[in-house]
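> Kindly generate the corresponding structure for this input.
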Amino acid sequence: MEPLEEGCFYHIYNRGAGKSDLFFTDDDFSLFIDKYFYYLYISAETYCWCLLKNHFHILIRVRKLNEQKTLFQQIKNNYPEGTFYGDHFDQTKPFLPSKQFSHLMNSYTKSVNTKTSRSGTLIEGAFKRKRIKDEDHFNHLVCYIHRNPIHHKITESYSDYPYSSFHAYLDSSNQKQHSHLEKKKVLTQFGGKDNFLKAHEEFKLLLGEEYYLE
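As a prediction, the model looks like this:
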């Protein structure tokens, strides 16, 4: 499987073992995202995400080691202990994203298993990844990821689905809540919020209902 390389962009996705559910309650969605940023914030920039009952999609860029070190020093003394993985270290260590994703999956599975009195694996093997080719591919994937609930006929509107990052791009009232998401970079990439929303609507209409999202 292709390694995650520093400075590169990736579409990360996976599903429940045997196509079974990953999320059983509303709290599970929140728990997964909290754990995601706890384990992945230092090692990866996150641009968008979407969680569905039995699978998830995330768009990231792997931070370079010098970026990790700078970020570690910036936030270590400004956030309470337990905010991010490794905050008890005296200095940063390389946070390899593949290992951090493994920590995330193991921790989330353990929490769900404990809560539901189940045992065994929850997630189908190692997470999948596809490297992003260029800016057009990046823009396509932001819309692609946010469109999942529409494709699966869960909703007819991006904004009606609560378990994706789309809401963060609509909500400017609580910047702290969305501080781990690279909103400014994404909106700049699209040429502003209006173009961001327009691109999503065009993407929705262009694909129709037969388009397959994995």
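
> Low-confidence stretches in the chain?
1, 91, 172-179, 207-214 (pLDDT under 70).

> Show me the strands in it, by range?
Here the chain has its strands, by DSSP state E, at 9-15, 44-52, 55-62, 128-131.

> Throw those into TSV and include distance to I150, thanks.
Every residue, glycine included, has its C-beta placed from N, CA and C. Rendered in TSV, the data for the strands of the chain read as follows (distance: least, C-beta to C-beta, whole Å):
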stretch	distance to I150
strand 9-15	17
strand 44-52	10
strand 55-62	13
strand 128-131	21
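
> Now do the contacts for D28.
Residues near D28 by C-beta atoms under 8 Å, 6 or more residues apart in numbering: L22, V112.

> what's the closest of the strands of the chain to A199?
Ranking the strands of the chain by proximity to A199 (C-beta to C-beta) places strand 44-52 first, at 12.3 Å.

> now for that closest one, which elements pack on it?
For strand 44-52, the helices and strands in contact under the criterion 3 or more C-beta pairs under 8 Å, 6 or more residues apart in numbering; DSSP states H and E are helix 26-40, strand 55-62, helix 135-151, helix 183-190.

> Please save the CA atoms from the second one in PDB.
Going back to what we said before, that points to strand 55-62. Provided in PDB are the C-alpha atoms of strand 55-62 (Å, rounded to 0.1, in the frame of the first residue of the first chain):
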ATOM      1  CA  HIS A  55     -18.000   4.500   6.200                       C
ATOM      2  CA  PHE A  56     -16.100   7.700   6.300                       C
ATOM      3  CA  HIS A  57     -14.200  10.100   4.000                       C
ATOM      4  CA  ILE A  58     -11.500  12.600   4.900                       C
ATOM      5  CA  LEU A  59      -9.300  14.900   2.800                       C
ATOM      6  CA  ILE A  60      -5.900  15.700   4.300                       C
ATOM      7  CA  ARG A  61      -2.400  17.000   3.700                       C
ATOM      8  CA  VAL A  62       0.500  15.300   5.600                       C
END
